[in-house]
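> model this:
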Amino acid sequence: MADATTLPRCAWAGSDPLYRTYHDEEWGVPVHDDRLLFEFLILEGAQAGLSWITILRKRLTYREAFAGFDPDSVARFDEAKVAELLANPGIIRNRLKVASAITNARAFLKIQEEFGSFAAYQWRFMDGKPIINAWRSIAEIPAGTPVSDAMSRDLKKRGFRFVGSTIIYAHMQAVGMVNDHTVDCFRWRELGGGQG
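Below is the predicted model:
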């Protein structure tokens with residue numbers, strides 16, 4: 001039986017233990033928890049223009065700095081808190097990204113009010129179930145789809161920022177709205193690939 005170091009994985013998982021753990025345990029697992037959906041939305045926005053491993057390495061500091069990704073708390077952040085965040089070397093100190101996290105928290109709360117949960121809002125774009133793709137290599141995986149285009153447009157209309165189609169597609173991959181593990185990866189089958 002293969003051990004964890006020799007399991008076949010998506011090529012992007014590389015050899016970094018943090019990246020591998022994220023790939024093996026989180027990426028592509030369907031998420032219906034609003035706090036975790038908010039966390040991924042904020043982290044994906046912070047990642048814009050950077051590598052995901054950079055964000056993963058800062059994730060714990062982000063959790064501390066952004067009140068455990070509690071949208072109620074983040075929505076109440078004021079200018080003093082923004083100044084504190086911009087002085088924190090453990091996060092991406094970009095004023096627009098920090099401001100967008102607060103703006104997005106407020107818009108997130110409105111969606112929860114309207115739909116009962118953010119999960120209910122997001123998963124309706126998927127008819128409630130993940131899309132299982134069957135990519136042979138990471139070169140085949142798109143940067144966006146008509147679904148991510150539609151979700152991005154709707155989020156922007158609702159006041160969200162840093163939610164372009166590429167960011168939203170990365171979010172959809174992370175929270176299991178799509179299974180974009182390649183078919184040779186052990187996680188593809190574990191997350192529903194090859195059924196039907």
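> let me know the next secondary structure element after the host helix or strand of residue 120.
Element membership for residue 120 (DSSP states H and E) is helix 118-123. Counting by DSSP H and E, the element after helix 118-123 in chain order, helix or strand, is strand 131-132.
> partners of that next one in the sheet?
Applying DSSP bridges, strand 131-132 is found paired with strand 178-179 (parallel).
> and for the strand it pairs with, what are the contacting residues?
Defining contact as Cβ atoms under 8 Å, 6 or more residues apart in numbering, one finds that strand 178-179 is touched by 28, 130, 131, 132, 133, 145, 169, 172, 188, 191, 192, 193. Yep, even glycine has a C-beta here, placed from its N, CA and C like the rest.
> and after that strand, which helix or strand comes next?
Criterion used, DSSP H and E; the element after strand 178-179 is helix 186-190.
> what helices and strands are in contact with that next one?
Judged by 3 or more Cβ pairs under 8 Å, 6 or more residues apart in numbering; DSSP states H and E, helix 186-190 is in contact with no other helix or strand.
> and the helix or strand hosting residue 57, what does it pack onto?
Assigned by DSSP H and E, residue 57 belongs to helix 52-65. With contacts taken as 3+ Cβ pairs under 8 Å, 6+ apart, helix 52-65 sits against helix 17-25, helix 34-47.
> angle of it against helix 34-47?
Angle, helix 52-65 to helix 34-47, by axes from the mean of the first three to the mean of the last three Cα atoms, to 10 degrees: 130 degrees.
> could you list the buried residues of helix 52-65?
Neighbour-count burial for helix 52-65, counted by 16 or more other Cβ atoms under 10 Å, picks out 52, 55, 56, 58, 59, 62, 65.
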